[in-house]
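K.L.:
after the sequence you'll find the predicted model.
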Amino acid sequence: MTSFLRSDRSTPVAIWLFVTALLVVAMVVVGGATRLTGSGLSITEWRPVTGVIPPLSDAGWAQEFAKYRQIPQYRLLNEGMGLAGFQAIYWWEWTHRLLGRLVGAVFAIPFVIFLIRRQIPKRLVWRCWTMLALGALQGAIGWWMVSSGLAERVFVAPERLAIHLAMALILFVLLFWTAMDALAGQPRQESVSPWRTWSWLFLGGVFVQSLLGALVAGNQAGLVYEDWPWMGGRFFPHDYLGKSFWATVAHNQASVQLHHRLGAYLLVVVGILIAVSAVRSTHLPRTAKNFGVLIGLAVMAQVVIGIATLMSGVPVLLGVFHQLGAVVVLTAATAFAWRVRRV
């Protein structure tokens, strides 16, 4: 039995955390596909335990379909949909929820085992407890998001979608960062390089940009102003202002799309500067330089995918790739920030 009091690193713990982080990525991607296919409201109840079992009979399917036909999305958008169409959207949402349960099990069960065997480095135990609590909270946030689309709306509230994505990304960053800490051990000392501040600022910018993308998705704002680099022939759309400040920030299609575009332009410029500066730096270790280059390549690829997604009317496949691209950029930014803080 390995004691965490005698070691600040653990490869099995790192593997466990990396696997869980990968499952979170899968959940984000499937969640994106669920939204793009309009499937997120197909399951109208939150049953954390019994909900793992899908309908197994014609009567079960008829009952689930009857519940869906009671909500505004069916009456206003999908009236006339048959059972086969309902089953198609149901399976997306069911898979998304199943992945959520799988993430919880894959994290919680090994966590208990590692705690009993005292294999988790002591400095990382509190972080694992935090991630367990955030994971449980994420399930509640997911239902809070879905419930916003069951009574008066035909889609979920954009700000709740953004919060749901924010929690998933926070969990991913914590899992990935902690996995690298478990694999590499405690640094000899913390870096005081200016790179540390810039890396954190860029990581924060990527996170905010991802949430701006969630607002675009939640408002179906990618379906308006499909021209680029202009918006309706103008850089600044004529209908930018909403009815209030909050409407402009979170509920107006023109404004949320413009904000997401501007955030992308800024991140591309900063990402390329980081890549170039990292390569030219005489102080950064080789791995940090490589992560810096990855940032530059990832932001350029992401903006190309984003433009293609917009101008082609947001097809499901491109939309999913765009969401996955955001996670790749976030991963590169996290890896870079992690590496530059270590000497």
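P.N.:
Nice, I can see it.

K.L.:
residues in contact with stretch 235-242?
P.N.:
Contact with stretch 235-242 is made by 225, 229, 231, 232, 248, 249, 251, 252, 254, 255, 257, 258, as judged by CB atoms under 8 Å, 6 or more residues apart in numbering. All C-beta atoms are positioned from the backbone trio N, CA, C, and that covers glycine.

K.L.:
let's see that with 10 Å instead.
P.N.:
By CB atoms under 10 Å, 6 or more residues apart in numbering, the surrounding residues in contact with stretch 235-242 are 224-225, 229-232, 234, 247-259, 261.

K.L.:
stretch 136-148 now?
P.N.:
24, 27, 31, 40-48, 93, 96-97, 100-101, 103-104, 108, 134, 155-168, 170-171, 218.

K.L.:
just the buried members of these?
P.N.:
Buried by 16 or more other CB atoms under 10 Å: 24, 27, 31, 40-44, 93, 96-97, 100, 103-104, 155-168, 171, 218, out of those.

K.L.:
narrow those to those in helices?
P.N.:
Among the buried ones among the contacts of stretch 136-148, the members found in helices (DSSP state H) are 24, 27, 31, 93, 96-97, 100, 103-104, 158-168, 171, 218.

K.L.:
which intervals of the stretch 151-300 of the chain have sub-threshold pLDDT?
P.N.:
188-192 (pLDDT under 70).

K.L.:
just to revisit the earlier point, filter the contacts of stretch 235-242 to the buried ones?
P.N.:
Buried members of the contacts of stretch 235-242, counted by 16+ other CB under 10 Å: 224-225, 231, 248-259, 261.

K.L.:
from the residues you listed, which land in helices?
P.N.:
Using DSSP H, the members of those that fall in helices are 253, 254, 255, 256, 257, 258, 259, 261.

K.L.:
would CSV of the residues you listed with distance to residue 341 be doable?
P.N.:
Shown next, in CSV, are those (distance: CB to CB, whole Å):
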residue, distance to residue 341
253, 39
254, 39
255, 36
256, 33
257, 35
258, 34
259, 30
261, 31
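
K.L.:
name the nearest of those residues relative to residue 337.
P.N.:
residue 259 (23.8 Å; CB to CB).

K.L.:
show me the contacts for the closest one.
P.N.:
Applying CB under 10 Å, 6+ apart, we find residue 259 in contact with 208, 209, 212, 213, 215, 216, 221, 240, 248, 249, 250, 252.

K.L.:
the stretch 151-300 of the chain: strands as residue ranges?
P.N.:
For the stretch 151-300 of the chain, applying DSSP state E, counting those that start in this stretch gives no strands.

K.L.:
tell me which stretches of it form helices.
P.N.:
Applying DSSP state H, counting those that start in this stretch to the stretch 151-300 of the chain gives helices spanning 158-184, 194-218, 245-246, 253-280, 286-311.

K.L.:
of the ones you listed, which approaches residue 79 most closely?
P.N.:
With CB to CB as the yardstick, what comes closest out of those is helix 194-218 (22.6 Å).

K.L.:
among the ones in helices among the buried ones among the contacts of stretch 235-242, which pair sits farthest apart?
P.N.:
253 and 261 (12.6 Å).

K.L.:
so what sits against both of these two?
P.N.:
Counting by CB under 10 Å, 6+ apart, the residues touching both residue 253 and residue 261 are 216, 225.

K.L.:
now do residue 158 against residue 27, distance only.
P.N.:
Remark: distance between residue 158 and residue 27 (CB to CB, to the nearest Å) = 20 Å.

K.L.:
ok, and the closest non-adjacent residue to residue 212?
P.N.:
Using CB to CB, 6 or more residues apart in numbering and skipping the chain neighbours, the partner closest in space to residue 212 is residue 260 (4.4 Å).

K.L.:
same question for residue 272.
P.N.:
residue 296 (5.0 Å).

K.L.:
mind listing what that neighbour touches?
P.N.:
Here residue 296 is in contact with 268, 270, 271, 272, 273, 274, 275, 276, 277, 278, 279, 332 (CB under 10 Å, 6+ apart).

K.L.:
out of everything not next to it in sequence, what's closest to the second one?
P.N.:
In this case it means residue 270. residue 202 (6.0 Å).
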